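S.K.: got a predicted model here, sequence first, then my questions.
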Amino acid sequence: MKPAESKSSPPGRGSCSACSKEATNSCAGCLNAPAYDNEQAPHRTFYCGSQCQKAHWKTHKIECKLLQTRRAVHRAAAVLDALIGVIDARGDEVTPISLAFCLAESLDEIDVTVREVTVVPANEPTGTDTPSHRGPRFLCKIILNNTDEAWAVDRSEAYPPLPWDQYIQDGCLKVSSEEGLSLHRYPELYGECLAMALEHQIASMVAARNMQFGAILKAPESIFQSEMNGLVGGILADSNTTAGQGNKGADKSTRELQVPFNPLYHIQPLPGKGQGMVATAKIPKGTRILCESPTVKMPGNPRDSAGAALLNTIIAQQLASLPIQARTRFHALHNKWGSEFPAAVGIAKTNALPLGHNSREAGIFLEASRINHSCRNNAENTWNHRLDKLTIHAIRDIEPGEEITISYVDGFLRYDERHARLHSAFGFRCVCERCAATPAERKKSDERLRRLVSLEEEIGDGMGIVMTPVSCLRKTHEMLNLLGQEGIGGSTIPRVYYDAFQVAIANGDQARAKVLAVRWYESRVMVEGADSEDAVKAKALMERPSSHRLFGTTMKWKQAVGKVPRGLSEEAFESWLWREKGAV
Ligand SMILES: C[S@@+](CC[C@H](N)C(=O)[O-])C[C@H]1O[C@@H](n2cnc3c(N)ncnc32)[C@H](O)[C@@H]1O
């Protein structure tokens, strides 16, 4: 079954399943059902309008039911994933067979059969006493009834479920035993904590919403996500009240739990990019999409093989104290370096995000490290020192179905420089809209970037602030215009407003300083949130510009806060602000 979204369509568009015209609406019933071939994007059945959707229902009905069932299987596995995270972190045991029962229980109302399967490497002898380091492995096979479709849920591998044949083939495995689940074989499991947690959480969720769990697993995306948030919140609250009651490793319960549900995005395969993060809802500019603690921290990029060996040890020490779920997800992250470095070091080098502006220290994140690069990124990553967490904010409006991207490179790099850096450090060639420009547009873009570099240097030298303040202020204005033309947003904008603010305040102009501080604050909040260190600093200076240490270095432009002109047109106001020739 192929998704209706064609390879040439931008995300969120496809051809109408009834009349083949371009369409943006989709059937909510099966929206975002995972593709059975894991290489493909999640499914969307497009319609140009309700008439076509009604007319096509007879044809689509059977497919829609199958897709809903498939999505329910993935959702049930995700519910389980969250529960396991909590239970792992409490230090309780989670046995593979108890997982199978939980999965079966959660899928009770869904048209599937859950079987317990043991697999072994295809080229080694079968049997539980196989002397292989890759001995028998236990997993669940979920068969969609009356179809040829089956999924593998293997908790020792990465979540999410994999198509059965692919799992067996890619893992070079063979089935050594397969049978239906029967609780009679495992009476001791009745009381197991995972089953209890699942029962308790699901029961309370269902009671609160007056819905069946099966219906929630099959519900449209927004309902499922909001129910999941309630569920995960409940689990976390429960885990906090029971912290320390686990039967071993109780200190782990204080660790941040990585919650794999976020109503704003999905992590999914994207053509030519591996996995990536895709918006599931409209995300307005300024929204905090994600706030995450690093799973592993690293002091910096290793310079040589001794540094790599040391980093490997540092990572191994941190991984050893993590729940198995987090370790598994760490090892499933992309590694661009193959066997050039120890695997954990390759993963760290490919996925690390800095823990502060210009900081050598970096972190690896189970969610944020799945975000791909674009030179025209729509989101930005910031290390929030006050929260001790990484935040990802939307720096423009993001549409549902659009990929969420950050920039892997800093500064005003020209086309060739960006490509060389991205290729050597991350092993890909960027084809974003900025990079896909015509040679003539690219030339203009490179000229703007060269100019931005030289303006930044000139402003940054500091002398201009008091020696040639008018020219310095106009340079900041020119930078903002060039950034707009180049489509660069994010944290560069507040940095430039802060430079402009300093020019005004150093020369005693509290009126301009006030306006510029407001813009600095607002643009900083957009990229980092009001709780970032810089936003807090900007707020204080916005309220009292004269508290800046440079205030009154000269009094060339002495002016009180109350002198901000009123009643001017937007154009005249901008002209006043930037001290353009002939301004009022
Ligand atoms: C931090 S990981 C991002 C998540 C990754 N795609 C995954 O599957 O886990 C960085 C890697 O993602 C891929 N990548 C990131 N941005 C890309 C882009 N714009 N085009 C192609 N591949 C990209 C590259 O393989 C890169 O080494």
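M.R.: Structure's in. What do you need?
S.K.: only C-alpha atoms from now on, for both contacts and neighbour counts.
M.R.: Noted.
S.K.: gap between the host helix or strand of W57 and the chain center?
M.R.: Using DSSP states H and E, W57 sits in helix 50-89. When distances are taken as C-alpha atoms, centre = their mean, to the nearest Å, helix 50-89 is centred 21 Å away from the chain's centroid.
S.K.: count of neighbours near the residue of the stretch 451-584 of the chain found nearest the ligand?
M.R.: Residue of the stretch 451-584 of the chain nearest the ligand, by C-alpha to the nearest ligand atom: I488 (16.3 Å). Neighbour count for I488, taken as other C-alpha atoms under 10 Å: 18.
S.K.: need phi/psi at it.
M.R.: phi -100, psi 120 (degrees, to the nearest 10).
S.K.: for L290, see how far away the closest residue to it other than its chain neighbours is.
M.R.: What sits nearest to I488 in space, not counting adjacent residues and going by C-alpha to C-alpha, 6 or more residues apart in numbering, is R376, at 6.8 Å. Plainly put, R376 is 19 Å away from L290 if you go by C-alpha to C-alpha, to the nearest Å.
S.K.: one step back: output the contacting helices and strands for the helix holding W57.
M.R.: helix 96-106, strand 137-144, helix 193-209, helix 213-218, helix 221-241, helix 324-331 (3 or more C-alpha pairs under 8 Å, 6 or more residues apart in numbering; DSSP states H and E).
S.K.: quick one: name the residues of this protein near the ligand.
M.R.: 272-276, 333-334, 336, 350-351, 369-374, 426-428, 430 (C-alpha under 6 Å from any ligand atom).
S.K.: just say helix, strand or coil for I493.
M.R.: Of the three states, I493 takes helix according to DSSP: H, G, I helix; E, B strand; the rest coil.
S.K.: counting neighbours, what do you get for it?
M.R.: A count of neighbours around I493, defined by other C-alpha under 10 Å, yields 20.
S.K.: surely it and E478 touch.
M.R.: No. Counting by C-alpha atoms under 8 Å, E478 is not a contact partner of I493; they are 11.9 Å apart.
S.K.: any low-confidence regions in the stretch 101-250 of the chain?
M.R.: 101-102, 124-135, 155-159, 181-212, 226, 229-250 (pLDDT under 70).
S.K.: any idea how far the residue nearest to C27 when sequence neighbours are not counted is from W164?
M.R.: In this structure, C27 finds its nearest non-sequential neighbour in T45, 5.6 Å apart by C-alpha to C-alpha, 6+ apart. According to C-alpha to C-alpha, T45 and W164 sit 24 Å apart.
S.K.: neighbour count: the two, which is higher?
M.R.: Just comparing T45 and W164: by other C-alpha under 10 Å the higher neighbour count belongs to T45, 27 against 18.
S.K.: that older thread, list the contacts of the residue nearest to I488.
M.R.: For R376, the contact set (C-alpha atoms under 8 Å, 6 or more residues apart in numbering) comprises 407, 432-434, 487-488.
S.K.: format these as a markdown table; extra columns: pLDDT.
M.R.: As requested, the contacts of R376 are exported to a markdown table (pLDDT from 0 to 100):
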| residue | pLDDT |
| --- | --- |
| S407 | 98 |
| C432 | 95 |
| E433 | 92 |
| R434 | 94 |
| G487 | 93 |
| I488 | 95 |
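S.K.: which of those residues are buried, as a PyMOL select command?
M.R.: To isolate in PyMOL the members of the contacts of R376 that are buried, counting by 16 or more other C-alpha atoms under 10 Å, one can use:
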select buried, resi 407+434+488
